[in-house]
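How does the following fold in three dimensions:
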Amino acid sequence: MFAVGLIAALLLFAAGEASGEDFCGPSTAKVIKGQRTYLCLVLADLENWNGSADSGDVHYRRFSFRPVVDDFAKIEVKDSWIKQGGDTNCQNCGVTPYPEACKSCEDNLLRNFTNPSVHVESINKVSYIRKYRGSDNGVPRTFPYMTAIITVDMGTITGITWDEGCTFCLESECVENTYEFTGALKEGGGKACYLDDTTCINGDEVSEVCPLQVYAVWTGTDADGSYLKSAEVRFSQFKSYSMTSWADSLKNKYEEVKSYSEYDDEDSNGV
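All right, here's what the predicted structure looks like:
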C-alpha cells in the first residue's frame, strides 16, 4: 500500500500539472542560461508521504516560482513563520475573512502543517526532503538555511540535491536533515543548521532568516552547451559565518543573490 501511494504521489509531482497547466514545468522544457525556468517548493508534513495521493492522505502545498537560470536565486515565502505552538493573533485563521490582527493567515504554514518539510521540484525532477520546522525534546526548531543544487546536462535536469548546510553554525548545531519519502533519514544526504525558535523571534519581530527560503544554484550545461556556474558561489564554498551574522553576510558578501518572492500556489486540499 505504501509503495503504491508513494509512487502515485511522485508521479503526480513528475507530471507537474495543476488545473490543466504544467505547474512546475512541462516535462519537455529545456534549461537555458539567462532565461526563466520553473522551480517549485513543495510543503508537507514529513510523515504524510506514507499515505496515498489518490485518497487525499498526502496533504501538500506547492509554490511555483520562475527564477532565471544560473542566478544565485533566493526563493522565499514571506510571512511563513510564526511561533510554534500557536499565535494568539492567528487562532481564527480558519475563518474568512481573516482577522485584521492576523497579517500572515494566508501564508502561515503552521496553520496546516505541524511538522512542515520541504522538497524542490523543477520540470520533471524532485529532490529529497528537508525538514523546515520541528522540535527536539519539545524544543521548537527552525532550519532556515537550505540550498538546492540543480544539475543539468545539455538543458535537461538530471538531478536536484541538497548542499551541505553547516556553513552558518557550530558543529553542535548542525544535524542530519535529509529524508527519504518514507520519512527515514537519507544516508549521506547532508546536514543543516538549526535555530531554536527563541532565536527567530524578538517580541513581535521575526528574524529575516527564519521564514521559509531556499537558495537555488545550477551546475552543468544548458541547452546551448553553455556552462552553468552559479553552484561555484554557493555558501558552502566559502568560509563559515555565525548564523546570527548571516543576514549581514548576505548583504555584504553576496550581492549577486537574486530574490524571488512572487509565486503561484496550490493546495492538495483545494484551499
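
for the protein, what spans make up the helices?
Listed in chain order, the helices of the chain (DSSP state H) span 2-15, 197-200, 246-253.

and those helices, which one is worst for confidence?
Per-stretch mean pLDDT for the helices of the chain is lowest at helix 2-15 (a mean of 44).

Measure how buried the nearest residue to residue 185 once chain neighbours are set aside is and give me the count.
Excluding the flanking residues, the one nearest residue 185 by Cβ to Cβ, 6 or more residues apart in numbering is residue 176, at 5.5 Å. (Each C-beta comes from the backbone N, C-alpha and C, glycine too.) Applying other Cβ atoms under 10 Å, we find 14 residues neighbouring residue 176.

Residue 176 reaches residue 189, doesn't it?
Yes - counting by Cβ atoms under 8 Å, residue 176 does reach residue 189; the two are 7.3 Å apart.

what ranges of the stretch 51-200 of the chain fall below the confidence cut-off?
For the stretch 51-200 of the chain, applying pLDDT under 70 flags the ranges 51-57, 82-112.

what are the ranges of the strands in it?
Taking DSSP state E, counting those that start in this stretch to define them, one finds strands in the stretch 51-200 of the chain at 60-65, 72-76, 116-122, 125-126, 130-131, 133-136, 139-142, 147-153, 156-162, 174-176, 191-193, 195-196.

Surely residue 71 touches residue 231?
No - contact criterion Cβ under 8 Å: residue 71 and residue 231 do not qualify, at 11.6 Å.

Residue 118 bridge partners, please.
Judged by DSSP bridges, the bridge partners of residue 118 are residue 43, residue 130.

Could you measure from it over to residue 73?
Distance, residue 118 to residue 73, using Cβ to Cβ, to the nearest Å: 15 Å.

about what we covered before: ok, what's across the strand from the residue nearest to residue 185?
For residue 176, the beta-bridge partners under DSSP bridges are residue 191.

Now do the same contact list for it.
Residues near residue 176 by Cβ atoms under 8 Å, 6 or more residues apart in numbering: 185, 189-191.

From those residues, pick the one nearest residue 169.
Among those, residue 191 lies closest to residue 169 (Cβ to Cβ), at 9.7 Å.

quick revisit: mind putting the strands of the stretch 51-200 of the chain into CSV with distance to residue 23?
Below are these laid out as CSV (distance: least, Cβ to Cβ, whole Å):
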stretch, distance to residue 23
strand 60-65, 5
strand 72-76, 15
strand 116-122, 9
strand 125-126, 13
strand 130-131, 21
strand 133-136, 24
strand 139-142, 27
strand 147-153, 17
strand 156-162, 16
strand 174-176, 30
strand 191-193, 26
strand 195-196, 31
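
do you know which of these lies nearest residue 28?
Taking those one by one with Cβ to Cβ, strand 156-162 is closest: 9.9 Å.

Restricting the selection to alpha carbons, write that closest one to CSV.
The C-alpha coordinates for strand 156-162 follow below in CSV (Å, rounded to 0.1, in the frame of the first residue of the first chain):
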residue,chain,number,x,y,z
THR,A,156,18.0,18.5,-19.3
ILE,A,157,17.8,18.4,-15.5
THR,A,158,19.4,15.2,-14.3
GLY,A,159,19.0,15.7,-10.5
ILE,A,160,18.4,18.0,-7.6
THR,A,161,20.5,17.6,-4.4
TRP,A,162,20.8,19.5,-1.2
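
how much does that strand deviate in direction from strand 116-122?
Here strand 156-162 points in a direction 160 degrees away from that of strand 116-122 (axes from the mean of the first three to the mean of the last three Cα atoms, to 10 degrees).

In strand 156-162, which residues are buried?
156-157, 160-162 (16 or more other Cβ atoms under 10 Å).

and which of those is nearest to residue 268?
Distance to residue 268, by Cβ to Cβ, is smallest for residue 160 among those, at 20.8 Å.
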